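Novice: pasting the sequence and the predicted coordinates here, then a few questions.
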Amino acid sequence: MKKLLYILAAGLILTASCENRLDINPEQDLATDLAFANKDNAFASLMGVYSLSQQYEVFGALPQIIADFQADNVLFSGTFPTLRDIDEFDVVADNSSIQDLWAENFRVIVAANAVIKYVPLVEDDAFTDAERAQYVAEAKFLRALVNFQLVNLFGQPYNLDNGASLGIPIVLEPYEGEITYPTRATVNEVHQQIFTDLQEALPDLLTAGEFGAAEMARGRATQGAARALMARLHLYRGEYGEAADLAGDVIDDADYVLAANHNFYDANSPEDVFTIQNSATDNGSTSSGGWASYYNSSTYGGRGDCPFSPDLIAAFEEEPGDARFALSRSDGAGEPLFTTKFPDGTTNADNAPIIRVTEMYLTRAEALAELDGVNAESLDLMNELRERANLSTWDAADFATDEAFIEAILNERRKELCFEGHRRMDLLRKGKSLRTSGNGAGISAPGDPYIILPIPQRARDVNPGLDQNDGY
Amino acid sequence: MTGKVTGEDGAPLPGVSVLVKGTTIGAQTDLDGVYELNVPSDAQTLVFSFIGFRSLEQEIGNNTVINVELSQDIEALSEVVVIGYGEQSRRYQVQSVATVDAKKFENVPAVSPQQLLQGQAAGVQMTNSSGLLGAAANIRIRGAASITAGGEPLFVIDGVPLNDGDYTQAMGGASGLNPLYDINPNDIASLTVLKDASAVAIYGSRGANGVVLIETKKGQMGKATIDFDYYTGFSNPVDIYEPMNGDQFLEVRQAYADGDPSRTPPTDPGTRFNWLDAVKRTGSISNYSVSARGGSEKTTFFIGGTYLDQSGYALGNDLDKLNGRVNLEHRLNDKVKFGANFGISKSLNDRIGAENNTYASLTSAYLQTPLTPAYNDDGSYARGNFIPNIIALEEIGVTDQVNRRNTGNIYAQVQLIPGLSLKTDWGMDGVQVEYFNRDPDIVSPTGYAFKQIVQDNKWLTTNTLDYDREVGDHNFGLLLGQSYETSQYEDITVEGSGFASDQLRNIASAATPTTTSSTRTAWALSSWFARGNYRYLDRYMLEGSVRRDGSSRFGADNKYGTFWAVSGGWILSEESFMQDNGVFNYLKLTAGYGTAGNDRIGNFSSLGLYRAGPESDYAGLPGLRPVQPENPSLSWETSRSFDVGLDMSLLNSRLDLKVNYFYKNTDGLLLDVPIPYTTGYRTLTQNVGEMENKGWEFSVNSTNINRGDFRWTTGFNISFIKNKILSLPEGSSVDAEGRRIVGAGSQRAIEGHSLNSFYMIRYKGVNPETGDAEWLKKDGTPTTSPTADDRVIVGKGDPDFFGGLTNTFTYKGFELNAFLQFVSGNKLLLDELSFLEDVTLPYNKVTRMLNYWKQPGDRAFAPSMSSPTVTSFTQTSTLQLQNGSYMRLKNITLSYNLPAELLQKSNFISRARVYVMGQNLWTLQDKDFRGADPEISADGASNRFLGESFFAVPQAKTITFGVSLGF
């Protein structure tokens, strides 16, 4: 009987120790609390947010080509039916490209929310307050940037009704186990959130000069990038005074210098204010492609979806000898013309240009022209760009009216920034139609339903509180 | 007291249990059949019992020497059935269990243990995924019990649950190989399938899919017997597609070009090559097996080894398998015994690509045009284009998989007090799969190499306390147990390209290493279980079992689960009102209800996870990105089932009949429920769905004729099972009719219908007047341009009924055994038909396509070449959906046992048997079936997809000749 008791006791002890062995941790992944366990992990989580924004659906070209397919710089020549529908202004709510775009952009926003919320709580003595504030500020910049991209695509332009139409849901919390069903905020509310994020971030961000390597200075959020993004938003809202001031701050910043010629693409040079860094082994391209895939012909490793439109070619040919027109190539006479801004069709290693200082020149020139008409500073700024493009300089006498001057600035903006994701909003914010001929003619003015994208059907199936845009 | 126990032939019977009735005083007979026992003076009766013999009670009276003769019990009721953590006599069993013993699959050239179950047990449906050597198997025990979590039953060998994860490359197929083909069928003494809740509840969170218990052969007291078996044979595919030859191909492509001026006509390069003949060969199989078993009163052993050498009928598919086993048990004294079982296996599988892979032998042979040569004029291999030169690939490329497996357990059992014993068992299962692929330059320019080593090592401990007691007419049994089990999985993968020469085999020589990776993961399970049995008057039985499992896989809020079952039985034939009824020799009614779980979810599905690696990097710095939302309440799927059965024996025990009805409801099904994208994720895995399976099982065993030297017995089983999805979560996708669904393809789970429903456009036929192909719109009217809105439910992948019929005829030394297996009511989706029946593609097609419409009045298979429907003819529709019902002669064996008198002359051979066996020789299938084999399901063990194939290779029909000798 005693033997029995001893054996049973031994058995119990054995099994008691086994219970603890159920705590097994994954080895290829980290549980959420470990992702912010110390400063190094928190930094990696911040890098993860940048990494997510490299994706095809975020800054890896999908939103930019969708914008180009709606506007007039590109002649759609591809095979993807989801993109063809966009070119033909015949989009349905269950378009899978738009669904992926929505899902992946919100993924970046929520990842940024996690950094903003958890970094201040990290327990690590080596993690200074200034560093914490900087990481939070960088995440806020990215959140603002992505919100800006989304509201431009899913909400009507601000100038239509001062931003009263519906924009996107504003999501400020990471996922912590509770599923929420946010509704859409207005365009203006989204803009205000973007301003709040950028203004809060600005003092805590580093300047480009404070970052050492060029990939960091140009590839991460900096004070210059925050100001430049605010300038852009003010410009889109017609707030020309603020736009001019902020753009001026960036132009005056010693870290940002207009490049001498147009070889600066993918170079992380002082021309760049913020570009998403890509490399041969780390870029956002998928089997659907990346920047180079769409903007190059198949001879150069691309898919050939985005050649110059006849309208854009005509715009360049009005003034022959434009150095910016030389940034193009075709497979032969009579073949479509493609840009050389993203030449790497083989490994898709080109950086994605988001903000460069040239845009600030154009912004300030336009904003001052809107405020003061034909003015000397605008002319000086524009002439720096004209000279770089090997074109004749302007002078005040060339422009009979202020409107003509502004039109000329907008035309230069088109020729400088073509294929970099600006054209669509540049037309809409000035009250112009996206297309005047072909698909979309007559139905692509600000306020027309099909100039913006539908809220994805799957998103509305799961969250019926998301109101659909008109016409879908 | 003393005495001798003999059998009917006078031979001594060792190991017979001799018990003083009403006490625990007993002994066993020795090698000479002699026993010695000290009995109390008031002892009245001795009970003699031994497996396979009728128990005998003998009054002691005044005798001190009692000799008895035991007669063989041909009733199967004395059979001892292995159940979870124990044994039961079939007579008193209340669980629903099916046994398949070794005699049923002796010498069958099967590679994996799942194949031994096909058609042998009611309620068990097994489908081979394809004819590849070592192919995966789809087993459903009483219907599929899950949608997304794994569907395989738990396989247990001698108490060790086997590791059966995803270790092999799919190589283009929809699933990898069978993770259990290392197991040696020759080692198996019996397979027991645990079906109902009362049988599986003791396996707790792993019982919902059913459990298959494998007992290996053990030693036995007596002179050692040595068995040697050898068989050899050849194989061919049961059927195969017929691709066109060069002239036919040109004719059809020319006719296609003639149909529309924009099409370019084919050009004849003048070369011809018959690819199918080149990749098809006569397969061969040879198997050598030798084993020895025997023992003394104290020690018993079984030692065996088997070598299998098989070449498949498809070029390049070979399997070499070597297995060894040692099982030992030693009885230290009356109270203590210990033992060890150990099996080791090494196999080399020369694999071929599967299915959706132009590197797969048969796939590429069907698609490659007959105009493309395999060799250049100088005899060297011709380089392929989109489809590589498959001859070159198989002859000079390497696709080898080496499996090594070690499975075993050691145990000790101590009798603490009479009736109470303690057993401790320590087991392990270690599997290593090593796969190496080297493509030569002619197949992959500059050469390519890939190597992966996967290891999964498990160890476990099981400790049980077992108490049995008989008090008057009451019989009690109590089992208490504890178990801890854990397994660690690791893999290493390297890949490279750019080799200076095909002679450089290894990745160290690659100019461009493209992948270097290694991962590791583990899981653990900690459990308590108990089972109680009560029997009164040997005719009223009650049983209850319970198990509490804690698993590392379950979410933090739900780490422990409790599963239980209760069942009862009543042997009506023992009742006084049933005595001398003249019909039933044995009639038992059983009923049971209980719960079981399915823990085949990911190891970390409940955690919120951030992932590192190249995808999370930015600007050269390592990053972490969120990839999985947390769900702390994630846990197992639960099956609740109810079973009622009638077990009877009639006509002097010549007819055994078992009828069962079951209802199984599974809820908490794991599904990826869509959540708002604004959470940062697309789906959250939750336990939300509900599904039911219900049906009837019948099995019959009869001795039809037993007269003189001639005997005819039949075994028959048939099961009718209906599966229905009861509910899917809100937010699931819905189809056009508003029903919730899982899956977006042709085969999908539809709420209110089967888990494997087919939802497709209906194809009507080629209109004889117009030559256009026609489909049906949703309302049933014909159309030449159907859309996705015209899809309706057109059938299902799971059958209405299935089963097997075995007939055995013996006359003197001859035996003829025929086993038919059948399945009915299921559909198959053969996606290869969309390629093989498409004239618009530049690939080869089947000769059936010569039957295209040429003039009004033609009843043709294919539309007119100038019809606009010729390009949409092979769009996904019921054109590719086939009737999967079949009946197949799975095995027919003719054998002859040499008579004992003849063998006695040799002085050392005690048993000799020669046999010829045929597998899959004859199949009865739908006359309009256009595939190669109605038994196909390329998705292996998947629950979601059953009966789909994309160029999966058919089963082989095999003829083997063999000889078995016993020494």
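Specialist: Structure received. Numbers count the residues shown, from 1 in each chain, chains lettered A, B, ... in the order given.

Novice: for the stretch 701-850 of chain B, what lies in contact range of chain A?
Specialist: Neighbours of chain A within the stretch 701-850 of chain B, by C-beta under 8 Å from any C-beta of the partner chain: residue B:731. Every residue, glycine included, has its C-beta placed from N, CA and C.

Novice: what ranges does the stretch 701-850 of chain B have for its strands?
Specialist: B:710-727, B:741-742, B:747-750, B:757-760, B:762-766, B:773-776, B:782-783, B:792-796, B:801-811, B:814-824, B:827-830 (DSSP state E, counting those that start in this stretch).

Novice: dump the ones you listed to CSV, plus mean pLDDT and mean neighbour count.
Specialist: CSV is the format used below for those (pLDDT from 0 to 100; neighbours: other C-beta atoms under 10 Å in any protein chain shown):
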stretch, mean pLDDT, mean neighbour count
strand B:710-727, 95, 18
strand B:741-742, 92, 20
strand B:747-750, 94, 24
strand B:757-760, 96, 25
strand B:762-766, 94, 19
strand B:773-776, 94, 22
strand B:782-783, 94, 14
strand B:792-796, 96, 19
strand B:801-811, 95, 20
strand B:814-824, 95, 18
strand B:827-830, 96, 26
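
Novice: in CSV, list those strands along with distance to residue B:308.
Specialist: Shown next, in CSV, are those (distance: least, C-beta to C-beta, whole Å):
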stretch, distance to residue B:308
strand B:710-727, 27
strand B:741-742, 40
strand B:747-750, 35
strand B:757-760, 38
strand B:762-766, 44
strand B:773-776, 48
strand B:782-783, 54
strand B:792-796, 36
strand B:801-811, 24
strand B:814-824, 21
strand B:827-830, 30
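
Novice: residue B:39: which of these is closest?
Specialist: strand B:710-727 (41.4 Å; C-beta to C-beta).

Novice: where do the helices of the stretch 201-350 of chain A begin and end?
Specialist: A:214-219, A:223-236, A:240-252, A:291-295, A:310-317 (DSSP state H, counting those that start in this stretch).

Novice: could I get those as CSV with mean neighbour count?
Specialist: CSV is the format used below for these (neighbours: other C-beta atoms under 10 Å in any protein chain shown):
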stretch, mean neighbour count
helix A:214-219, 22
helix A:223-236, 25
helix A:240-252, 20
helix A:291-295, 29
helix A:310-317, 16
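
Novice: looking at the ones you listed, which one has the lowest mean pLDDT?
Specialist: Ranked on mean pLDDT, the bottom entry among the helices of the stretch 201-350 of chain A is helix A:291-295, at a mean of 88.

Novice: got a list of contacts for it?
Specialist: A:60-61, A:64-65, A:78, A:285, A:300-303, A:305-306, A:338-339, A:341-345, A:348, A:350, A:352, A:419 (C-beta atoms under 8 Å, 6 or more residues apart in numbering or on different chains).

Novice: show the buried residues in those.
Specialist: A:60-61, A:64-65, A:78, A:285, A:300, A:302-303, A:305-306, A:338-339, A:341-345, A:348, A:350, A:352, A:419 (16 or more other C-beta atoms under 10 Å in any protein chain shown).

Novice: quick check, central residue of chain B?
Specialist: With distances taken as C-alpha atoms, centre = their mean, residue B:114 lies nearest the centre of chain B, 2.9 Å away.

Novice: how would you label it: helix, strand or coil?
Specialist: In three-state terms, and counting by DSSP: H, G, I helix; E, B strand; the rest coil, residue B:114 is helix.

Novice: scan the chain for its longest helix.
Specialist: Chain wasn't specified; assuming chain A. helix A:129-154 (DSSP state H).

Novice: wrong one, I was asking about chain B
Specialist: From DSSP H, the single longest helix across chain B is helix B:246-258.

Novice: output whichever helix or strand comes after that one as CSV, nothing but the C-alphas.
Specialist: The helix or strand immediately downstream of helix B:246-258 is helix B:275-279, counting by DSSP states H and E. The C-alpha trace of helix B:275-279 is given here as CSV (Å, rounded to 0.1, in the frame of the first residue of the first chain):
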residue,chain,number,x,y,z
TRP,B,275,5.4,10.9,-75.8
LEU,B,276,2.9,8.7,-74.0
ASP,B,277,4.6,5.5,-75.0
ALA,B,278,7.9,7.0,-74.0
VAL,B,279,6.8,7.9,-70.4
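
Novice: buried sites along helix B:275-279?
Specialist: Within helix B:275-279, the residues that count as buried by 16+ other C-beta under 10 Å are B:275, B:276, B:278, B:279.

Novice: which among those residues are in contact with chain A?
Specialist: Checking the buried residues of helix B:275-279 against chain A (C-beta under 8 Å from any C-beta), there are no matches.

Novice: wait, residue B:620 touches residue A:214, no?
Specialist: No: using C-beta atoms under 8 Å, residue B:620 is not in contact with residue A:214, being 11.8 Å away.

Novice: same list (the helices of the stretch 201-350 of chain A) but as TSV, adding distance to residue B:613.
Specialist: As requested, the helices of the stretch 201-350 of chain A are arranged in TSV below (distance: least, C-beta to C-beta, whole Å):
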stretch	distance to residue B:613
helix A:214-219	20
helix A:223-236	27
helix A:240-252	36
helix A:291-295	23
helix A:310-317	40
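
Novice: so for residue A:330, which of those sits nearest?
Specialist: That would be helix A:310-317 among the helices of the stretch 201-350 of chain A, by C-beta to C-beta, at 10.6 Å.
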